[in-house]
Each structure stands twice: as C-alpha cells, then as structure tokens.
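>>> need a structure here:
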Amino acid sequence: MGNFGEKNTNPDADKGRRIADANAARNVFRVRGFKRFSEGCMATSMLFSDLSILLVEPSGVQERLIMQMLRDAGVVRTAVARSGEEALTQIRATMPSCVVSALYLPDMNGTDLVCALRADEDLELIPFILISSETRPQMLDPIRQSGACIILPKPFDERQLQRALRGVLDYLEPSAPLSIDVDLENLKVLLVDDSPSARKFVRHTLKNLGIENCIEAKNGAEALAVLGETMVDLVLTDYNMPEMDGRALTEYIRTQSWQASVPILMVTSEQNMSRLAAVEQAGVSAICDKPFNPDTVRQLIEQVMASS
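Numbering: from 1, shown residues only. Below you'll find the model as predicted:
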C-alpha cells in the first residue's frame, strides 16, 4: 500500500483494493449493533381508534358509505370536507392523523390537495389516502410522486380499507424493527428521486425504521457523484428521473462503480412491464411500487441487505 498522498500508477489495482475494502467494511458493518437497536425499538401500540381522519368527499352517498366503513374498522374520530379549500382549512385547524380524499373535487383535484399539503412545512408529513376509480397513469403519477401513502381503487372493500389504515399506522409509528443484523446507527443510504416530496416521505419512513443517515440526490447523475466519493450501504432509487434514470444508474453501478455490489432497491410508479424487466436485468436488487406501504419497504430492505 502506498504512502499517504502517493500517486497510484495502477488504476485497476486501486479499484480492486477499493472494492475489497468496501466489501470488507460492509461485512464488519453487518455484525454489530443489532442488539442495541432491537432493545430500543417498540412495536406500534397505535390502533385504528387512535386515528383522526378527515374525509374529503363531495358526494353525500360516497361520504355515508366510506364513513360507515371507517366506523366498522374502529375509527371513531372523523370529520368531512366537501372541497379542497374546506379541507385545507380544517387540516390547519385540527391536524388530523390522516386525510382520505376523492380525486375529483369541486375546486381542485386530489393531486392539488396533496401537493398543497406537501408544500406546507406544518402539513407535509400528514399521511394521504386517495380514493379513485381512475386508472390513467397521467392522472395517478403526480399522486404517486407526491408522497401519498396509499391509492385505494374504487370500489374497495373493508379488507382493502383496513390494509390502507394499517399502512397509515406503520407510517406514523413503525410496527416492527428491522430484523437484520446491522448497525442502523451507521447504516448509510443513498436516496435518489427527483421529487422532493417523495424523498421526504421515504426519508420519514426510513427514520421510523431507525435509519437516519441518508444522502439525497435528485437524479442518477448526482447519485454517481456521491458514489464516487462516499461508500454507502444501500441505494434506494426512483426509476423516472431527468439526466439519468434509475435503469441507467443501476447499470452504471453494476458495471463501472467501485461499489458494484451495493444493494439497490427501486421504488417506482413505472407500470411498463418491459421497462421493469430491463431494470431487473440491469441488476436491481428489488422493486417496490410507489406509493408504498412502509411495512413493504421494511421487508424489502431486510431482504436485499440480508442477501447482499
């Protein structure tokens, strides 16, 4: 090994040493700290009855149906707003645990409403559930990118509603710690997404799991600059981004980066199966739909970290 500051005359050998050092560091990283985190984490004690939900629904018929389903699920604190502006006024006044909204409102749509929440520092982390029969990607993608918790298809049943509510509980208070043998205090995650709202949502979810050491990048090009200088333990990336998308980022990491073995979890709203197949072929470790259930992300992180 050369002295400090000595110029390396063999780049390939240097790259090999850096890869070996990175892998060795990750192996050491995984065997310490698990006991400390498991002792400090509690399973969620929240129940559906602890939630306060604002339903934003212009239709009286739909309102009565959904409110009855919420009551049947055990939600006891509810309120109703008929428009987006009325909803924003109530949200600022009462700070509900969760907002459940139709897509089409008299004065705005659900996308406008969730974007207004994400643009307000006091409201940006409130969970948002969209109820809609809409299937067109151009209508749903802005919702997926905004950091919405769940999209409930219309019509939905009691089981689907309860699953959505459990997702809200997991977002507000994690149901279980990560069950992998890692030092979460030092786990370093590179979070890559061009949506600031989506990055905040994912970062909050990771924090609930005990992961606080995150580096953010808004596209693949920025991510490569980070990876060139900083060793990370997990890359969590979107697919559709400007300059360099998630597929190109994955391909570069697997073929050219000195951190070629780092686990890559893709969280994406992409629905094109051929594109997703190409991403898998590029070497992504796992793919998760956006919006995602926090418990799903927890399980996928355990999966990709345990197998790496």
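
>>> so where is the stretch 101-250 of the chain shaky, pLDDT-wise?
Scanning the stretch 101-250 of the chain for pLDDT under 70 picks out the ranges 137, 146-149, 174-180.

>>> so the residue nearest to the spatial centre of the chain is in which element?
Closest residue to the average C-alpha location of the chain: residue 202 at 3.4 Å, with Cα atoms, centre = their mean. Taking DSSP states H and E as the criterion, residue 202 maps to helix 196-208.

>>> so the residue nearest to the centre of the chain touches residue 193, yeah?
Yes - contact criterion Cβ atoms under 8 Å: residue 202 and residue 193 qualify, at 7.0 Å. C-beta: built from backbone N, CA, C; applies to glycine.

>>> and residue 219, what does it touch?
192, 194, 241, 242, 243, 244, 245 (Cβ atoms under 8 Å, 6 or more residues apart in numbering).

>>> out of those residues, which is most surrounded?
Neighbours here mean other Cβ atoms under 10 Å. Within those, the largest count is held by residue 192, at 31 neighbours.

>>> quick one, phi psi at that one?
Per-residue torsions, residue 192: phi -120, psi 110 (degrees, to the nearest 10).

>>> ok, now how distant is the nearest residue to it once chain neighbours are set aside from residue 64?
Leaving aside its chain neighbours, residue 192 sits nearest to residue 237 (3.9 Å; criterion: Cβ to Cβ, 6 or more residues apart in numbering). Per Cβ to Cβ, to the nearest Å, residue 237 is found 42 Å from residue 64.

>>> Looking at these two, which one has more neighbours?
Neighbours were counted for residue 237 and for residue 64 using other Cβ under 10 Å; residue 237 has more, 26 against 12.

>>> Distance check, that one against residue 60.
Distance from residue 237 to residue 60, by Cβ to Cβ: 43 Å.

>>> can you give me the end-to-end distance of stretch 222-242?
11 Å (Cα to Cα, to the nearest Å).

>>> ok, and for that stretch, which residues are buried?
Buried positions in stretch 222-242, judged by neighbour count with 16 or more other Cβ atoms under 10 Å: 222-224, 227, 231-241.

>>> Give me the subset of those residues lying in helices.
Under the assignment DSSP state H, the buried residues of stretch 222-242 contribute 222, 223, 224, 227 to helices.

>>> For stretch 254-272, output the C-alpha coordinates as CSV.
C-alpha atoms of stretch 254-272 as CSV (Å, rounded to 0.1, in the frame of the first residue of the first chain):
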residue,chain,number,x,y,z
ARG,A,254,-23.2,-2.8,-11.5
THR,A,255,-20.7,-2.4,-14.4
GLN,A,256,-18.5,0.6,-13.6
SER,A,257,-18.7,1.7,-10.0
TRP,A,258,-16.2,0.6,-7.3
GLN,A,259,-19.4,-0.1,-5.3
ALA,A,260,-20.8,-2.6,-7.8
SER,A,261,-22.1,-5.0,-5.0
VAL,A,262,-24.1,-2.4,-3.1
PRO,A,263,-27.8,-3.4,-2.7
ILE,A,264,-30.2,-1.3,-4.9
LEU,A,265,-33.9,-1.0,-4.1
MET,A,266,-36.0,0.7,-6.7
VAL,A,267,-39.2,2.5,-5.6
THR,A,268,-41.1,3.5,-8.6
SER,A,269,-44.5,4.3,-10.2
GLU,A,270,-43.4,2.8,-13.5
GLN,A,271,-46.0,0.4,-14.9
ASN,A,272,-44.4,-0.7,-18.2
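
>>> chain center to that stretch, what's the gap?
In this view, stretch 254-272 has its centroid 15 Å away from the chain centroid, taken as Cα atoms, centre = their mean, to the nearest Å.

>>> again, but for stretch 129-146
On the basis of Cα atoms, centre = their mean, stretch 129-146 sits 16 Å off its chain's mean C-alpha point.

>>> what about the helices in the stretch 1-150 of the chain?
Listed in chain order, the helices of the stretch 1-150 of the chain (DSSP state H, counting those that start in this stretch) span 11-29, 34-40, 60-73, 84-94, 110-118, 137-145.

>>> any idea which of the ones you listed scores lowest on pLDDT?
Sorting the helices of the stretch 1-150 of the chain by mean pLDDT places helix 34-40 lowest, at a mean of 26.

>>> pLDDT at residue 30, what is it?
If you check residue 30, the pLDDT there is 29.
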